[in-house]
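Enquirer: Everything below, folded, please.
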Amino acid sequence: MLKVRCPLGLFALLAFIPVAQAASQSLLPLERGAYALETTSCPQRSRAEIMTYWGDRLNQSTADCAISNVKSQGSVYTFTSRCKIEGERKRQIETVVLRIADKKHFVVVSTVNGKPDETAYKWCSYSAFD
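Expert: Numbering: from 1, shown residues only. Coordinates of the predicted model:
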C-alpha cells in the first residue's frame, strides 16, 4: 500500500478552501465594488457616501458588515447585517431592506421617526477608492 505524506501546512491550507469558496459567493444580485449615493458624481464621492459590496459583506464608511439570512420577494431583499463598527466593542445587528433595481442600482429602505425613508445608490467601480 502506498502511503502519501502530506505536510501539516498543506492540510491547514486545504481546510480554508470551503471558507474561501463561501466568501466568493454573492448573497445579493449586485455587482461587487463601490456604490455612491445616486445624487453624487462618482469622482466627487466621499468615504461617508460610499457603500461597498463584496458578495457576503455590505460595508459603509467605518462599518464592516456581514450579510446573513437573505430573503427575497421580487426585487426586495431583506437580510441580517452584523456590523463591526470602528472604535466600538459590541457588534450592531439589524435587519436591512434593499430594493434592487438591477445589478448596479439599489435603494436602502428604512423608517426614520416613523416615516419611510429611501436612499438610492449606484455602482461606481470595482475598487472602493479608485
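Enquirer: so residue 43 sits in a helix?
Expert: Yes - per DSSP: H, G, I helix; E, B strand; the rest coil, residue 43 lies within a helix segment.
Enquirer: And the residue most central in space within the chain, how far from residue 114?
Expert: The structure's the chain has its C-alpha centroid closest to residue 58; by CA atoms, centre = their mean the separation is 2.1 Å. Relative to residue 114, residue 58 is positioned 25 Å away (CB to CB, to the nearest Å). The way it works is simple: take the backbone N, C-alpha and C, and place the C-beta from them, glycine included.
Enquirer: All the helices of the protein, residue numbers only.
Expert: For the chain, the helices defined by DSSP state H occupy 8-15, 17-24.
Enquirer: and those helices, which one is worst for confidence?
Expert: Per-stretch mean pLDDT for the helices of the chain is lowest at helix 8-15 (a mean of 36).
Enquirer: who's in contact with the residue nearest to the centre of the chain?
Expert: 28, 51, 52, 65, 67, 81, 96 (CB atoms under 8 Å, 6 or more residues apart in numbering).
Enquirer: Top of those residues by number of neighbours, please.
Expert: residue 65 (23 neighbours; other CB atoms under 10 Å).
Enquirer: Verify the contact between it and residue 86 for me.
Expert: No - here residue 65 does not reach residue 86: they are 11.9 Å apart, not a contact under CB atoms under 8 Å.
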